[in-house]
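[1] here is a sequence together with a model predicted from it:
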Number of protein chains: 2
Amino acid sequence: MIKKMLLKDVARLAGVSEMTASRALRGAPDVSNATRAKVEEIARAHGYVPNRIAGSLSSQSVNLVAVVVPSLNSFVFPEVLSGISSVLKQSPLKPVVGISGYEMDEEEEVIREMLSWRPSGLIVAGLEHSEATQKMLLQADCPVVEVMDADGTPLRHCVGISHLQAGRDMAAQILARGYRSIGFIGTKMPQDFRARKRFDGFVAGLAEQGVALTDLEHYAGDSAIATGRLLTAQMLARQPDLDCIYYSSDVMSVGGYMHCLAAGLSVPQDVALAGFNNLPILEGLPLQLATTDACRRPIGERAAEIVLKVRDSAADLPLIRETLSPRINLGQSL
Amino acid sequence: MIKKMLLKDVARLAGVSEMTASRALRGAPDVSNATRAKVEEIARAHGYVPNRIAGSLSSQSVNLVAVVVPSLNSFVFPEVLSGISSVLKQSPLKPVVGISGYEMDEEEEVIREMLSWRPSGLIVAGLEHSEATQKMLLQADCPVVEVMDADGTPLRHCVGISHLQAGRDMAAQILARGYRSIGFIGTKMPQDFRARKRFDGFVAGLAEQGVALTDLEHYAGDSAIATGRLLTAQMLARQPDLDCIYYSSDVMSVGGYMHCLAAGLSVPQDVALAGFNNLPILEGLPLQLATTDACRRPIGERAAEIVLKVRDSAADLPLIRETLSPRINLGQSL
DNA sequence: TTTTGTTTTGTTATCGCTAACGGTTGCGCT
DNA sequence: AGCGCAACCGTTAGCGATAACAAAACAAAA
């Protein structure tokens, strides 16, 4: 293998024109079966890999959908991803993932990079973006779907849930069960807007019934079981009378539960726990922890469907805005 | 915004040639500060997003590194990813992830797709590939690094650990602690070659000391705590005398531990447990479970370093093959 | 002023592939 | 034979940027 095989090499070896070879390899019509077979045979034999850069430049179309999420470590976005993939599989489009790291500047850079490849669609988590990003999303000449969140003003299409409402609903459930000395443990706010909204909704929900948070703890960095366990231990040490803790993530509530197991506290008798997301790690625990299902997979699926639909329709479709309803799973910890 | 802004539009508005505008925007030298400022200003004002497809075709270079992993759900690959990202951040290269789903055919397709974008490097998990894939990897005119595994013959560069040895080492540890009635719970073999190697190494390690597996269970699909719990329950029901279980993944061993917690079994007195990977979910549990650290982050870092190094050096470097040594963490469960 | 050297800017020719359209062939029909 | 229609296949002209080279502008040296 001296030099990279080009389409013209394949064409020459097959004794046809470049154009015919191109058509044959793309499965385009107007090629006889004999010719197609010959071209394919030669391409395969020589390990020809088409240059999609050239192809896309020429055809002005890219079979990629950009997906920008804050992180892959959290267990939550892979599931959105898998919803997206499963829907795109019915089309020639493929998802490409970019990581924003919960940073607006990073997000801006990643989105600029993604858009510079002229994808067929862009799916981005969240409604909060830098000004430059907003401009890019508005000007992008491909379908853009903001996902996960419905509290705010989407720039284009949107599929998500109301985190404000999710927090409020969980507050209602907790109050309804008689808990009154309530703590909250969540991510460092400026970074994760959706966690902040849940927090705000939660506090508002408590306030509506005249209850205030007894204690509050924020942490930086990724959510981790160990962090949840540690912060829970600390909070319970500070506030021995606490009867319930709401966490911004299931990963954290599992950590809290681990503390309880280790400290011999019974849940929910000694302390009630509730998390958010309905992550797979909740399944299999000795006790089913309360959580809110964040509709991750459906959100991914809908977003992908919107991309496909908007792309296929010539006319400008009206903007699609969908708010899914998260379901609370009370489990056995409340 | 009627039509997509092109470089020539920016150039026209700035009163310079396309070439100068191109240079200015890329930060290339040979542009006066005044001109550069003007071009940048206009580009920003109009939200110009360069077309990297055209740029890459012309410059014959793509600032992307393809990373192909079996799954993102497993908690193990995100960490490899993050090792890769952290190293690439010092360069203009960016990682792009493709998912092979533990399927060789899918992997072939994903790699073909990736290579068709002519990336600056390709990092792929595992040493086992379809014939067509092998051919592609050998012919690819960019650095190729196979990662995670060192048992076998790499096609090009390689950074990994010996899973065979890891299994063998864990067997030695388990035997050294006096366990003799040992079970194994692992993924469906044909899919996950590394899990199979650990299994083979484990069985061989036991055999060396005249011990045979007492029981064995395979499951299909993703590893999950719930699955680990269920299979553990079943296995212990079948084999009440079992004194130790080795799992192909920490996710599963955590499930096993959850069963023990729920069933009131004490670990390791009633049954000892050991997993693999040293995943973050192990941290924070009431009991530290035995595991083997799979060096995920270092592997990602080294792979990225190799890509950078090989790319920068004009000459053909000799192939780099590195076998990292996984460290067993005995924890408190053996 | 002329010359030389250094910046800065412009021109031309691709990069590898495909859209659009034009041409050829073969066949059935009148 | 002559015509029309399909089915194939080839030619031409880009896609939007950049490499490589050429030219112009400007400054310093002679």
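    Thanks, I have the structure now.

[2] find me the pLDDT at whichever residue of the stretch 101-250 of chain A sits closest to DNA strand C, would you?
    Residue of the stretch 101-250 of chain A nearest DNA strand C, by CB to the nearest atom of the strand: A:Arg118 (13.2 Å). Backbone N, C-alpha and C define where each C-beta goes, glycine included. Note for A:Arg118: predicted pLDDT of 97.

[3] skipping adjacent residues, who's closest to it in space?
    Counting by CB to CB, 6 or more residues apart in numbering or on different chains, A:Arg118 lies nearest to A:Val62, which is 5.1 Å off, once chain neighbours are set aside.

[4] for the helix or strand A:Glu109 falls within, name the packing helices and strands.
    Counting by DSSP states H and E, the element that carries A:Glu109 is helix A:104-115. The criterion is 3 or more CB pairs under 8 Å, 6 or more residues apart in numbering or on different chains; DSSP states H and E, and the helices and strands that helix A:104-115 contacts are strand A:64-69, strand A:94-99, strand A:121-125, helix A:131-139.

[5] with mean pLDDT, distance to A:Glu301 and mean neighbour count as extra columns, can I get those in TSV?
    Below are the helices and strands packed on helix A:104-115 laid out as TSV (pLDDT from 0 to 100; distance: least, CB to CB, whole Å; neighbours: other CB atoms under 10 Å in any protein chain shown):
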stretch	mean pLDDT	distance to A:Glu301	mean neighbour count
strand A:64-69	97	13	26
strand A:94-99	95	12	22
strand A:121-125	98	11	26
helix A:131-139	94	21	16
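
[6] distance to A:Gly331 for these - can I get that in CSV?
    Output for the helices and strands packed on helix A:104-115, formatted as CSV (distance: least, CB to CB, whole Å):
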stretch, distance to A:Gly331
strand A:64-69, 27
strand A:94-99, 31
strand A:121-125, 26
helix A:131-139, 38
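
[7] so can I have a markdown table of these showing distance to chain B?
    As requested, the helices and strands packed on helix A:104-115 are arranged in a markdown table below (distance: least, CB to the nearest CB, whole Å):
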| stretch | distance to chain B |
| --- | --- |
| strand A:64-69 | 9 |
| strand A:94-99 | 5 |
| strand A:121-125 | 12 |
| helix A:131-139 | 5 |
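
[8] for those, which one sits closest to B:Met170?
    strand A:94-99 (33.0 Å; CB to CB).

[9] quick one: strands adjacent to that closest one?
    According to DSSP bridges, strand A:94-99 forms sheet pairs with strand A:64-69 (parallel).

[10] send me the strand it pairs with as CSV with only the CA atoms.
    Below are the C-alpha coordinates for strand A:64-69, written out as CSV (Å, rounded to 0.1, in the frame of the first residue of the first chain):
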residue,chain,number,x,y,z
LEU,A,64,-24.0,13.4,11.1
VAL,A,65,-26.0,14.8,14.0
ALA,A,66,-24.1,16.7,16.6
VAL,A,67,-25.0,16.0,20.2
VAL,A,68,-23.6,18.2,22.9
VAL,A,69,-23.9,17.1,26.5
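
[11] and the next element down the chain from it?
    Proceeding N to C from strand A:64-69, the next assigned helix or strand is helix A:77-88, under DSSP H and E.

[12] which strands or helices does that following helix pack on?
    For helix A:77-88, the contact count by 3+ CB pairs under 8 Å, 6+ apart identifies strand A:64-69, strand A:94-99, strand A:121-125, helix A:296-312 as packing neighbours.

[13] can you rerun that using 7 Å?
    Counting contacts by 3 or more CB pairs under 7 Å, 6 or more residues apart in numbering or on different chains; DSSP states H and E, helix A:77-88 packs against strand A:64-69, strand A:94-99, helix A:296-312.

[14] in TSV, list these along with distance to DNA strand D.
    Putting these into TSV (distance: least, CB to the nearest atom of the strand, whole Å) gives the following:
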stretch	distance to DNA strand D
strand A:64-69	16
strand A:94-99	20
helix A:296-312	18
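
[15] returning to what we had before: quick check: angle from the helix holding A:Glu109 to strand A:64-69?
    Here the directions of helix A:104-115 and strand A:64-69 differ by 170 degrees (axes from the mean of the first three to the mean of the last three CA atoms, to 10 degrees).

[16] and the helices and strands packed on helix A:77-88 as JSON lines, adding distance to B:Ile161?
    Written out in JSON lines, the entries for the helices and strands packed on helix A:77-88 read as follows (distance: least, CB to CB, whole Å):
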{"stretch": "strand A:64-69", "distance to B:Ile161": "29"}
{"stretch": "strand A:94-99", "distance to B:Ile161": "25"}
{"stretch": "helix A:296-312", "distance to B:Ile161": "32"}
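
[17] which residues of chain A fall in helices?
    With DSSP state H as the definition, chain A shows helices at residue ranges A:7-14, A:18-26, A:33-45, A:52-59, A:77-88, A:104-115, A:131-139, A:163-176, A:193-208, A:225-238, A:250-263, A:296-312.

[18] and the residue of the stretch 101-250 of chain A closest to DNA strand C, how many neighbours?
    With neighbours defined by other CB atoms under 10 Å in any protein chain shown, the count for A:Arg118 comes to 22.

[19] now for it: which residues touch it?
    A:62, B:51, B:53 (CB atoms under 7 Å, 6 or more residues apart in numbering or on different chains).

[20] of the residues you listed, closest to DNA strand C?
    Closest approach to DNA strand C among these (CB to the nearest atom of the strand): B:Ile53, at 8.7 Å.

[21] which residues touch that closest one?
    Residues A:53, A:56-57, A:117-118 are the ones in contact with B:Ile53 under the rule CB under 7 Å, 6+ apart.

[22] from those residues, pick the one nearest A:Ile299.
    Distance from A:Ile299 was checked for each of the contacts of B:Ile53 by CB to CB. The minimum falls on A:Trp117, at 23.8 Å.

[23] tell me the phi and psi of that closest one?
    Geometry field for A:Trp117 lists phi and psi as phi -90, psi 10, criterion degrees, to the nearest 10.

[24] count of residues packed around the residue lying closest to it once chain neighbours are set aside?
    Here the nearest residue to A:Trp117 in space, its sequence neighbours aside, is B:Arg52; by CB to CB, 6+ apart that works out to 5.5 Å. A count of nearby residues for B:Arg52, using other CB under 10 Å, gives 19.

[25] quick revisit: pipe the contacts of A:Arg118 into TSV and attach distance to B:Gln134 and pLDDT per row.
    As requested, the contacts of A:Arg118 are exported to TSV (distance: CB to CB, whole Å; pLDDT from 0 to 100):
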residue	distance to B:Gln134	pLDDT
A:Val62	28	96
B:Asn51	34	96
B:Ile53	29	97
